[in-house]
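Peer 1: Pasting the sequence and the predicted model now:
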Amino acid sequence: MIITPKKPLVYSDLRIKQIPEDLIYQIKSFERIPIDIFKDAEDGSRHIAHSIALAIKGKQQKGEKIVLGLATGSSPLKVYSELIRMHREEGLSFHNVVTFNLDEYYPILPDNIESYHYFMHEYLFNHIDIPGNQINIPDGNLKLEDVKEYCEMYEKKISMLGGIDIQLLGIGRTGHIGFNEPGSDKDSVTRLVSLDSLTRTDAQKDFGTFEKVPYRAITMGVKTILEAKEIYMMAWGQHKAEIARRATEDKPNSVVPSTFLQDHHQVRFCLDLAASEKLTRVKTPWKVGSCRWTDDLVCKAVIWLSQNINKPILKLTSSDYLEFGLNELILDRENAYKTNLYVFNKLQRTITGWPGGKPNTDDTHRPERSTPEKKRVIIFSPHPDDDVISMGGTFLRLVEQGHDVHVAYQTSGNIAVHDHDALRFLEFYEGINEKYALDNNIKDLLKAKKALKSKIGGNSQGIRNIKGMIRKGEAKAAAVFCGLEESNIHFLNLPFYETGAIKKKLVSKEDVKIVEDLLKKYKPHQVFAAGDLADPHGTHRVCLDVIFSAFNNLKKEKWIKDCWLWLYRGAWHEFSIDEIEMAVPLSPEELLKKRRAIYMHQSQKDRPPFPGEDNREFWQRAEERNRETAQTYRDLGFAEYEAIEAFKRWKL
Ligand code: F6R
């Protein structure tokens, strides 16, 4: 059955994506679950939290209890913080709320900070007025022989209370809901399960290493979840885009257990723009219905066609367009020849060897302005190595072409250094200190050394200082290698990052002010920033938001009108070709030089503490990605380059 969304979608802020406006014209959809797309996770979470609050109040008016099924993980965090805000500021009470959590690792102690018990208290229960005896979370600290009976009791307790009124769900990248991994049956109930290795890889960020992630969990079953009266499933971020498409467009199947939700009568899937990007109606809206053929959509469709049939753009014929359902497009643009030429020229003009603008040329169709000839440039780098990984070649060119380039490292990156590296540096420092006068902080350092030696390690302030210094030294070496003077290298150490853990503090005015002050001091003509939404720890995203807020605060300054903001993508993924607005080709020598700059980050080589799920080293990822972009341009019919770095302009 094909379900058409009940209400038209409204996109108030299109941010990096520019597709959705065209979707208002869709007449049918491939989706088998009603979907709401929100501009971002904040917006979507607010919507869900307000629906829950409304239901809680509704029950309060009738003097009844409400039963909520709750999830953990990153997806519901913003829903919980909005509920807490409503409790604090609007007096929303939870006295009539009974909760059942979906799952818990097994075995695990409730006070272990990785446990879901700890999570729920930390992010919700400790901040609201829910009575303790109305909270139910599967017990991960049972003897194995008691688990079965406990699970039966959990099920009974839910039904004795009349079942779950509203169930909140995140979706794992395996397609799991709760911990119902691929292979879970539609009739499954609360039970002990084994975790998929992809799920354990994702949990590695909480536990530190893959080995420390429990391989089992207690979870409500698919049937338990489906019995809820109303369900909200959430997916935020690009890394959820593929599974969001499969969950909603594939037929129900046990390989992707979330597809079973398609049979529920009262379910809504809430996505942000990034998580929606692989839905057919977003990726290839012409397959779904009639489109308004904006210039951007024409580009997207022509590139798609060219890649689908392996033909360079200028060789596409009317019958190619017809065969792939794009006849409406060539009618809109007169004919195939004109359409091809339009897209070809548009892409050709993105390619430039002059990322700071080419002096003394007509810049009407160039990505950057030719004046001022020498620009002031600030490259923001969320972690100390993102600048060279993501735009090392462009960085080198900007310096060589005589621009006044500054680099600003937004965070210390101090948690991503192995203890053994810190110990090595510490012993070196100690040696120096013994030789030359002892300084007063030596006691702290000795304490840190003791912790590192006894393998307790971790991220106490003393240890973090050392690790931060290691990264600072590496970043400086790489920036100097790229040709910068020390005075042009800035370490911002944004406070939000300084928790010593994966979880960071909320962004404060102080973070924004630091970036704002730097911008005010140098009044740059060009700013480069990581426009990356798929960083697993979200630091890139937060760093970008800090820059946006700083720009917003400075919008009345005169110079800001001449300041162009270019986004690059971090190590995790690249812009799609139709999004690229500046493509900087690199020669083989330049690519090698970029590799050397990345090599300066020794603590991140081989196997850094947070490699993500990609086994390649950062320089390998960067090179392969830059080569791939060059290859894609070549396949579309452009000149063959060794590698290309890509940028998209953010219009302020
Ligand atoms: C959590 C749970 C899981 C998560 C899922 C997504 O209680 O049951 O199904 O919802 O793994 O996790 P995040 O939200 O961290 O991406």
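Peer 2: In hand now; what should we look at?

Peer 1: and the longest strand for the protein?
Peer 2: strand 643-650 (DSSP state E).

Peer 1: Please tell me how far Gly393 sits from Phe647.
Peer 2: Using C-beta to C-beta, to the nearest Å, Gly393 is found at 12 Å from Phe647. The way it works is simple: take the backbone N, C-alpha and C, and place the C-beta from them, glycine included.

Peer 1: Show me which positions of stretch 171-191 end up buried.
Peer 2: For stretch 171-191, the neighbour count (16 or more other C-beta atoms under 10 Å) marks 171-182, 184, 186, 188-191 as buried.

Peer 1: on that earlier part again, which residues are in contact with each of Gly393 and Phe647?
Peer 2: Val584 (C-beta atoms under 8 Å, 6 or more residues apart in numbering).

Peer 1: ok so, going back, filter the buried residues of stretch 171-191 by proximity to the ligand?
Peer 2: 171-172, 176-179 (C-beta under 6 Å from any ligand atom).

Peer 1: what pLDDT, on average, does whichever strand or helix holds Leu567 get?
Peer 2: For Leu567, the element it lies in under DSSP states H and E is strand 564-568. Averaged across strand 564-568, pLDDT comes to 97.

Peer 1: Could you do stretch 272-290 as well?
Peer 2: Rounded mean pLDDT across stretch 272-290 is 91.

Peer 1: Can it be said to contact the ligand?
Peer 2: No - counting by C-beta under 6 Å from any ligand atom, the ligand has no neighbours in stretch 272-290; the shortest distance is 10.3 Å.

Peer 1: could we number from 553 for the rest of this?
Peer 2: Okay, using 553 as the starting number, the last item reads as stretch 824-842.

Peer 1: For that stretch, which residues meet the burial criterion?
Peer 2: Across stretch 824-842, burial judged by 16+ other C-beta under 10 Å covers 824-838, 840.

Peer 1: How far does stretch 817-829 sit from its chain's centre?
Peer 2: Distance of stretch 817-829 from the chain centroid (C-alpha atoms, centre = their mean, to the nearest Å) equals 16 Å.

Peer 1: my bad, should have said stretch 616-629
Peer 2: 23 Å.

Peer 1: Using the record, which stretches count as separate domains in this protein?
Peer 2: 582-834, 836-900, 928-966+1016-1202 (automatic domain parsing).

Peer 1: Can you give me the first-to-last residue distance of the last one?
Peer 2: Start-to-end span of domain 928-966+1016-1202 (C-alpha to C-alpha, to the nearest Å) is 18 Å.

Peer 1: before we move on, what about the first one?
Peer 2: Here the two ends of domain 582-834 are set 11 Å apart, with distance taken as C-alpha to C-alpha.

Peer 1: One more: the second one?
Peer 2: Start-to-end span of domain 836-900 (C-alpha to C-alpha) is 23 Å.

Peer 1: Would you mind listing what in the chain touches the ligand?
Peer 2: So the chain meets the ligand at 623-627, 654-655, 722-724, 728-731 (C-beta under 6 Å from any ligand atom).

Peer 1: Redo these as a markdown table? Include pLDDT and secondary structure.
Peer 2: Below are these laid out as a markdown table (pLDDT from 0 to 100; DSSP: H, G, I helix; E, B strand; the rest coil):
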| residue | pLDDT | secondary structure |
| --- | --- | --- |
| Ala623 | 98 | coil |
| Thr624 | 96 | coil |
| Gly625 | 91 | coil |
| Ser626 | 88 | coil |
| Ser627 | 93 | coil |
| Leu654 | 98 | coil |
| Asp655 | 97 | strand |
| Gly722 | 97 | strand |
| Ile723 | 96 | coil |
| Gly724 | 91 | coil |
| His728 | 96 | coil |
| Ile729 | 97 | strand |
| Gly730 | 97 | coil |
| Phe731 | 97 | coil |
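
Peer 1: Excluding covalently adjacent residues, which one is nearest to Trp1118?
Peer 2: The spatially closest residue to Trp1118, leaving aside those adjacent along the chain, is Phe1199, at 4.5 Å (C-beta to C-beta, 6 or more residues apart in numbering).

Peer 1: Lys1007: what's it in contact with?
Peer 2: Asp971.

Peer 1: Can you report how many residues neighbour His639?
Peer 2: Using other C-beta atoms under 10 Å, His639 is surrounded by 18 other residues.

Peer 1: mind checking how far the helix or strand encompassing Ala853 is from the chain centre?
Peer 2: Element membership for Ala853 (DSSP H and E) is helix 847-860. Relative to the chain's own centre, helix 847-860 is displaced by 25 Å; criterion: C-alpha atoms, centre = their mean.

Peer 1: Check which residues of the helix or strand following it are buried.
Peer 2: Counting by DSSP H and E, the next helix or strand C-terminal to helix 847-860 is helix 870-875. Neighbour-count burial for helix 870-875, counted by 16+ other C-beta under 10 Å, picks out 872-873.

Peer 1: cool, stretch 599-611 as well?
Peer 2: Quick answer for stretch 599-611 (16+ other C-beta under 10 Å): 599-601, 603-605, 607-608, 611.

Peer 1: could I have that stretch exported to PDB, CA atoms only?
Peer 2: Extracted C-alpha coordinates of stretch 599-611, given in PDB (Å, rounded to 0.1, in the frame of the first residue of the first chain):
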ATOM      1  CA  HIS A 599       7.200  18.800  17.900                       C
ATOM      2  CA  ILE A 600       7.300  15.400  19.500                       C
ATOM      3  CA  ALA A 601       7.800  16.800  23.000                       C
ATOM      4  CA  HIS A 602       4.800  19.000  22.600                       C
ATOM      5  CA  SER A 603       2.600  16.200  21.400                       C
ATOM      6  CA  ILE A 604       3.700  14.100  24.500                       C
ATOM      7  CA  ALA A 605       3.000  17.100  26.800                       C
ATOM      8  CA  LEU A 606      -0.400  17.500  25.300                       C
ATOM      9  CA  ALA A 607      -1.300  13.900  25.900                       C
ATOM     10  CA  ILE A 608       0.000  14.000  29.500                       C
ATOM     11  CA  LYS A 609      -2.200  17.000  30.200                       C
ATOM     12  CA  GLY A 610      -5.100  15.400  28.500                       C
ATOM     13  CA  LYS A 611      -4.900  12.400  30.800                       C
END
